[in-house]
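[1] Generate a structure from the sequence data that follows.
(one chain, ligands or ions: 3)
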Amino acid sequence: MSRGKTGGKVYIETYGCQMNVNDSEVMLSILQDEGYVRTEEIGEADVILANTCSIRDNAEQRIWGRIEQFRLQKKNRDNVIIGITGCMAERLKDRLLDNHVVDIVAGPDSYRDLPRMLKAVTPDSPQINVLLSHEETYADITPVRMDKNGVSAFISIMRGCNNVCSYCVVPYTRGAERSRDPKTIIREAEDLFSRGYKEVCLLGQNVDSYFWKDPDTADNDMNFAQLLEAVAKISPEFRVRFSTSHPKDISDEVIYTMAMYDNICSHIHLPVQSGSNAMLEKMRRKYTREWYLERVRKIRSVIPDCGITTDVIAGFCGETEEDHRDTLSLMEEVGFDSAFMFQYSERPGTLAARKYPDDVPEEVKTRRLNEIIALQNRLSLESNRKEIGKVHRVLIEGTSKRNSGELFGRAGNNKVCVFPAEGHKTGEYVDVEVLSCTSATLISRLCSTGKVSGKE
Ligand code: SAH
Ligand code: SF4
Ligand code: F3S
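    Ligands and ions are numbered 1, 2, ... in the order given. A predicted model of the protein is given here:
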């Protein structure tokens, strides 16, 4: 293929969060409508797109390394078009063009413009579109699923974020929060179910602030709990998950809705970030340690077996040993099932970068992070041990990487179970009994008559 024409083979690689995974599927849908076909071989691609992440500096460093590898692709085939999309495109804009490798820079709200940019691009006129929108939700676009298993899919229900946590780059790379028309969400979920998918994960930076204001009648307004219920009603055989919940916004209505439907998975990802009120205040999270613990108590009182997972940041600006110990003690008090744990990485342009010195020495950040990880490993193991003897309904996602005679899938609480295949297949629901565990996996056996523990 030569430049300036439509069609050709497109290779997409995705970094960052699940929302980026879904955006890559949206991009592929837009490009397929223009005659492009997907390739999984970078060496045969006419267009290489990297859908990027800016959340921490190391995420960006990785992309810079990739761009150098793309330079080599170009050496061999100078017609190949290199596009950087997503959050790093939005953050760095035309600075990505300086090294003369990148041809296209497309921010998260400009994917409808990709076909035009691909037609217009020449070696002398790289294309850039980093306009953020207040309306774009790609509501009418059916993402082309790139997942391998055909069982579980993501649906973005909103875009952007209005929270401006002081450390976070997302509001700058993704723009203002906007919710997607629920009719299009439900239609997409029904379509997935009719194509054999068994599980959907509703995605947003802060799903609890989902709100659809209907232009015609207030009767059709919808909040997140109502949306969750509408998706759960599609079929009892269709499981619903969601991510991410914000501790300041998760409502009793959402918790009760989860409890009402067996097919809404009992798992809440509730990023705490820190257990110290001084840090939470500086982070602008708008809740306190006490508020967070109360929300956890509420969840557990309504859904006793609910999986609760979190995100933690070690070494935020001005963090003292006492603040750090507050984080450890909160983790211990909650007993999280698992966690994503990070060292604070200053992001240019954020409130924290402008206001607070990044003053915790690197080695202290690393040591604190290691303590947090060690504690979480213990908590994960303890939480998994409590599962021994319980029976879970599991949706089979595929064959175990370690043993081809075994399958794996997740229980409602998001824990991964591994068990002998015994003729079962990906996409089926099975009941398994937990026999033993590691900190990451529940080793299980199939059982046909067992009673499923709690609500799945
Ligand atoms: N919207 C979600 C989180 C999105 S980013 C929420 O508010 O919960 C995913 C995680 O990355 C965050 O929860 C946080 O723990 C981490 N993170 C974000 N910015 C970071 C930074 N500057 N340094 C280190 N970790 C960061
Ligand atoms: Fe970032 Fe906070 Fe928004 Fe999450 S809620 S995306 S951490 S600004
Ligand atoms: Fe990264 Fe953007 Fe997601 S910064 S975490 S890809 S919203």
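[2] ranges for the helices of the stretch 51-200 of the chain?
    57-76, 87-92, 114-120, 170-174, 182-194 (DSSP state H, counting those that start in this stretch).
[3] And residue 49, its phi and psi?
    phi -120, psi 130 (degrees, to the nearest 10).
[4] re the thing from before, for ligand 3, which of the helices of the stretch 51-200 of the chain is the nearest?
    Nearest to ligand 3, of all the helices of the stretch 51-200 of the chain, is helix 87-92, at 3.3 Å by C-beta to the nearest ligand atom. Bear in mind the C-beta positions are built from the backbone N, C-alpha and C, glycine included.
[5] most packed of the helices of the stretch 51-200 of the chain?
    helix 87-92 (a mean of 25; mean count of other C-beta atoms under 10 Å).
[6] Tell me the helices and strands packed up against it.
    Packing partners of helix 87-92 (3 or more C-beta pairs under 8 Å, 6 or more residues apart in numbering; DSSP states H and E): strand 47-52, helix 57-76, strand 104-106, helix 170-174.
[7] average model confidence for that helix?
    When pLDDT is averaged along helix 87-92, the result is 98.
[8] Quick one: check it for contact with ligand 3.
    Yes - counting by C-beta under 6 Å from any ligand atom, ligand 3 is contacted by helix 87-92 at residue 87.
[9] Residue numbering should commence at 54 henceforth.
    Noted, 54 is the first residue going forward, which turns the last one into helix 140-145.
[10] Name the residues that touch that helix?
    Taking contacts as C-beta atoms under 8 Å, 6 or more residues apart in numbering, the residues outside helix 140-145 that touch it are 69, 73, 105-108, 112-113, 116, 149, 158-161, 183, 185, 222-223, 225-227, 402.
[11] Alpha carbons only: can I get that helix in PDB?
    Presented in PDB, the C-alpha positions along helix 140-145 are these (Å, rounded to 0.1, in the frame of the first residue of the first chain):
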ATOM      1  CA  CYS A 140      -3.200   9.300  26.400                       C
ATOM      2  CA  MET A 141       0.400  10.000  25.500                       C
ATOM      3  CA  ALA A 142      -0.700  11.400  22.200                       C
ATOM      4  CA  GLU A 143      -3.000  13.800  24.100                       C
ATOM      5  CA  ARG A 144      -0.300  14.800  26.600                       C
ATOM      6  CA  LEU A 145       2.700  15.300  24.400                       C
END
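[12] Now for the closest residue to ligand 3 within the stretch 354-503 of the chain: which residues touch it?
    As assessed by C-beta to the nearest ligand atom, ligand 3 sits closest to residue 400 within the stretch 354-503 of the chain, at 9.0 Å. By C-beta under 8 Å, 6+ apart, the contact list for residue 400 reads 107-110, 220-222, 406.
[13] Please identify which of the helices of the stretch 104-253 of the chain is closest to residue 274.
    Of all these, it is helix 235-247 that lies closest to residue 274, at 9.5 Å by C-beta to C-beta.
[14] roughly how far is the closest one from the heart of the chain?
    19 Å (C-alpha atoms, centre = their mean, to the nearest Å).
[15] Now do it: which elements does it pack against?
    Contact partners of helix 235-247 among helices and strands, from 3+ C-beta pairs under 8 Å, 6+ apart: strand 205-209, strand 252-256, helix 277-285.
[16] The second one and ligand 3, are they touching?
    No - applying C-beta under 6 Å from any ligand atom, one finds strand 252-256 out of contact with ligand 3, separated by at least 10.1 Å.
[17] CA-only coordinates of that strand, as CSV, when you get a sec.
    Provided in CSV are the C-alpha atoms of strand 252-256 (Å, rounded to 0.1, in the frame of the first residue of the first chain):
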residue,chain,number,x,y,z
GLU,A,252,-19.7,-11.7,30.7
VAL,A,253,-19.4,-7.9,30.3
CYS,A,254,-17.4,-5.4,32.2
LEU,A,255,-18.8,-1.9,32.3
LEU,A,256,-15.9,0.6,32.2
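[18] Among the contacts of residue 400, which one sits closest to residue 386?
    Proximity of the contacts of residue 400 to residue 386 was ranked by C-beta to C-beta; the top entry is residue 220 with 23.3 Å.
[19] if I pick residue 461, what's in contact with it?
    449-453, 469-472, 494.
[20] actually residue 188, sorry about that
    Contacts of residue 188 by C-beta under 8 Å, 6+ apart are residue 231.
[21] Kindly report the same for residue 410.
    Residue 410 sits next to 370-371 when contact means C-beta under 8 Å, 6+ apart.
[22] Quickly note the distance from it to residue 370.
    For residue 410, the distance to residue 370 (C-beta to C-beta, to the nearest Å) stands at 6 Å.
[23] Ligand 1 is nearest to which of the helices of the stretch 104-253 of the chain?
    Ligand 1 lies closest to helix 223-227 among those, at 5.9 Å (C-beta to the nearest ligand atom).
[24] How far does the closest one sit from its chain's centre?
    Distance, centroid of helix 223-227 to centroid of chain: 15 Å (C-alpha atoms, centre = their mean).
[25] Any residue of it touching ligand 3?
    Yes - counting by C-beta under 6 Å from any ligand atom, ligand 3 is contacted by helix 223-227 at 223, 226-227.
[26] In JSON lines, list the residues you listed along with pLDDT and distance to residue 125.
    Compiled in JSON lines, those are given as follows (pLDDT from 0 to 100; distance: C-beta to C-beta, whole Å):
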{"residue": "223", "pLDDT": "97", "distance to residue 125": "32"}
{"residue": "226", "pLDDT": "98", "distance to residue 125": "28"}
{"residue": "227", "pLDDT": "97", "distance to residue 125": "31"}
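[27] Return the member of those residues nearest to residue 287.
    For the residues of helix 223-227 next to ligand 3, the nearest to residue 287 is residue 227 (27.9 Å; C-beta to C-beta).
[28] what's around the residue nearest to the closest one when sequence neighbours are not counted, how many residues?
    Nearest non-adjacent residue to residue 227, counting by C-beta to C-beta, 6 or more residues apart in numbering: residue 213, 4.7 Å away. Look at residue 213: counted by other C-beta atoms under 10 Å, it has 24 neighbours.
[29] Equivalent analysis for residue 281, please.
    Using other C-beta under 10 Å, residue 281 is surrounded by 25 other residues.
[30] how much space between it and residue 362?
    Distance of residue 281 to residue 362, given as C-beta to C-beta: 18 Å.
[31] to the chain's geometric centre, what's the distance from stretch 402-417?
    The answer for stretch 402-417 is 25 Å, by C-alpha atoms, centre = their mean.
[32] ok, and of the residues of helix 223-227 next to ligand 3, which contact ligand 1?
    Contacts with ligand 1 within these, as defined by C-beta under 6 Å from any ligand atom: residue 223.
[33] which one of the residues of helix 223-227 next to ligand 3 is nearest ligand 2?
    Nearest to ligand 2 out of these is residue 223 (C-beta to the nearest ligand atom; 3.7 Å).
[34] near ligand 3, from the contacts of residue 400?
    Restricting the contacts of residue 400 to those near ligand 3 - C-beta under 6 Å from any ligand atom - leaves 107-108, 222.
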